[in-house]
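Asks: pasting the structure only:
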């Protein structure tokens, strides 16, 4: 199938950036926290990234100016629209259901038959009723409504209340009044001024660009084949999928000034809800791709009472020797020309956990904490232990279990 023209144009711009920089796919991928194969698919036009942030970081690394970044974003927007159009499944026609005959039709009323002859001695129903009031007669006066207490009594009662209130005040026991609402408190470190940095997230990441598990409350026949990683968000949303066992979240932090650095001090994990793991089927997205780079990340064990974000080294096995990628060490500085990706790997085996992150920062004498959520909602990860696991057989076009594939060992 020929590629869309917008996708071809976007891929050409990305290839030009990479060629101008001169670094290898592996070297650039390490800076972008993506695998070399994923970056190659961006450059060839085989895949359009789900978010522009990763492309914008590539442009900054390759020395693109503001005008080039605007052009690149416009090309990505058109390519992303083309990708979404191609990923949108055709609507399934719903067979028409004929109306079934009523099983218990309501019985029709019986024929009343011939009516009896009228009784000549019976009164004529059309004749006026002699006992009914004459409509032409004048209307009788209505009863007057009962009045309330006389005005002098109301005045006396009001005077008595005023006297009682004055007496209470003189005796040192003032009457109680409703207290005014307390002014809204301002969270420590938060000000009305805008943040000195921008941040964005990617919450539908797969390990190595291909390895991931989703929990879905559907039978295998009602689940679509695995998408490419760039379309994972749309696939998960359509199926109501929840991350199974592990959720990968990438936070991209970029300062607003090239010279005034923002210092990142700590990353905290807050679990807002714990429940039993979801009793849904597990569907693996593996499709044979992968990379030789394991990015540095923050490991989070959601099963602990108070989970911590532990910084872990990455590994680069793309060369002749395996090279360690040093973990992010707080405090960490970012500027507009030197952004940073913080990759979080949150795992669980024994809960359906809803959680969010808090990032502490300081800049220019200001301090604060920003809450990192999934579009205003907590992230969600559920354990997969004991759940039926399915992988997709592309040859047969269906989801199969390990026993079906013979991989029971």
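Replies: Yes, it's here. This one's a predicted model, so the numbers in the text were calculated from it and none came from an experiment.
Asks: Quick one: list the elements packing against the longest helix along the chain.
Replies: The helix that spans the most residues within the chain, counting by DSSP state H, is helix 66-87. Judged by 3 or more Cβ pairs under 8 Å, 6 or more residues apart in numbering; DSSP states H and E, the packing partners of helix 66-87 are helix 5-21, helix 53-61. In this view, the C-beta of every residue, glycine as well, is placed from N, C-alpha and C.
Asks: nearest to residue 399, of those?
Replies: helix 5-21 (28.8 Å; Cβ to Cβ).
Asks: as a whole number, average confidence for that closest one?
Replies: This predicted structure assigns helix 5-21 an average pLDDT of 89.
Asks: between it and helix 66-87, how big is the angle?
Replies: Here helix 5-21 runs at an angle of 140 degrees relative to helix 66-87 (axes from the mean of the first three to the mean of the last three Cα atoms, to 10 degrees).
Asks: lowest-confidence helix or strand of the protein?
Replies: helix 151-170 (a mean of 53; mean pLDDT, DSSP states H and E).
Asks: hmm, back to that, and residue 349, which of the helices and strands packed on helix 66-87 is closest to it?
Replies: Nearest to residue 349, of all the helices and strands packed on helix 66-87, is helix 53-61, at 30.1 Å by Cβ to Cβ.
Asks: mind listing what residue 12 touches?
Replies: Applying Cβ atoms under 8 Å, 6 or more residues apart in numbering to residue 12 gives the contacts residue 45.
Asks: how close does it get to residue 309?
Replies: For residue 12, the distance to residue 309 (Cβ to Cβ, to the nearest Å) stands at 39 Å.
Asks: Mind pulling up the pLDDT for the closest residue to residue 59 other than its chain neighbours?
Replies: In space, and not counting its chain neighbours, residue 59 is closest to residue 69: 5.0 Å by Cβ to Cβ, 6 or more residues apart in numbering. Per-residue confidence (pLDDT) for residue 69: 86.
Asks: how many neighbours does residue 69 have?
Replies: A count of nearby residues for residue 69, using other Cβ atoms under 10 Å, gives 15.
Asks: got it, and the one 10 residues further on?
Replies: By the measure other Cβ under 10 Å, the count of residues near residue 79 is 25.
Asks: Now that it has come up, it's in contact with residue 6, right?
Replies: Yes. Judged on Cβ atoms under 8 Å, residue 79 makes contact with residue 6 at a distance of 4.7 Å.
Asks: what's stretch 327-340 in contact with?
Replies: 57, 60, 197, 252-267, 296, 298, 311-314, 342.
Asks: and the helices and strands packed on helix 66-87 as CSV, adding distance to residue 361?
Replies: Formatted as CSV, the helices and strands packed on helix 66-87 follow (distance: least, Cβ to Cβ, whole Å):
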stretch, distance to residue 361
helix 5-21, 29
helix 53-61, 18
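Asks: deepest of the ones you listed, which one?
Replies: Mean neighbour count (mean count of other Cβ atoms under 10 Å) peaks for helix 53-61 among these, with a mean of 20.
Asks: which residues sit against the longest strand that the chain contains?
Replies: In the chain, with assignment by DSSP state E, the single longest strand is strand 262-275. Residues outside strand 262-275 that contact it (Cβ under 8 Å, 6+ apart) are 196-197, 253, 255, 298, 300, 302, 307-309, 330-335, 340, 342, 344, 346, 351-363, 378.
Asks: from those, which would you call buried?
Replies: Buried subset of the contacts of strand 262-275 (neighbour count, 16 or more other Cβ atoms under 10 Å): 196-197, 253, 255, 298, 300, 302, 307, 309, 332, 334-335, 340, 342, 344, 346, 351-357, 359-363, 378.
Asks: In strands, which of those appear?
Replies: In this view, the buried ones among the contacts of strand 262-275 that belong to strands under DSSP E are 197, 253, 255, 298, 300, 332, 334, 340, 342, 344, 346, 352-357, 359-363.
Asks: residues contacting the nearest residue to residue 228 once chain neighbours are set aside?
Replies: Spatially, and ignoring its direct neighbours in sequence, residue 228 is nearest to residue 47 (5.9 Å; Cβ to Cβ, 6+ apart). Residue 47 makes contact with 38, 41, 228, 229, 230, according to Cβ under 8 Å, 6+ apart.
Asks: ok, of the residues you listed, which one's closest to residue 392?
Replies: residue 228 (12.8 Å).
Asks: what about residue 376, neighbour count?
Replies: The number of residues packed around residue 376, counting by other Cβ under 10 Å, is 7.
Asks: for residue 314, same thing?
Replies: Per other Cβ under 10 Å, the neighbour tally for residue 314 reads 18.
Asks: That one is in contact with residue 297, isn't it?
Replies: Yes. In this structure, residue 314 is within contact of residue 297 by Cβ under 8 Å, at 7.0 Å.
Asks: Output the below-cut-off pLDDT ranges for the protein.
Replies: The model of the chain has pLDDT under 70 over residues 1-3, 88-192, 287-292, 318-319, 402-409.
Asks: quick one: contacts for the closest residue to residue 347 other than its chain neighbours?
Replies: Counting by Cβ to Cβ, 6+ apart, residue 347 lies nearest to residue 246, which is 4.7 Å off, once chain neighbours are set aside. Residues near residue 246 by Cβ under 8 Å, 6+ apart: 207, 212, 213, 345, 346, 347, 348, 381.
Asks: again, but for residue 323
Replies: Applying Cβ under 8 Å, 6+ apart, the residues near residue 323 are 315, 316, 317.
Asks: How about residue 359?
Replies: Contact analysis of residue 359 by Cβ under 8 Å, 6+ apart lists 199, 251, 253, 264, 266, 267, 268, 342, 369, 370, 372.
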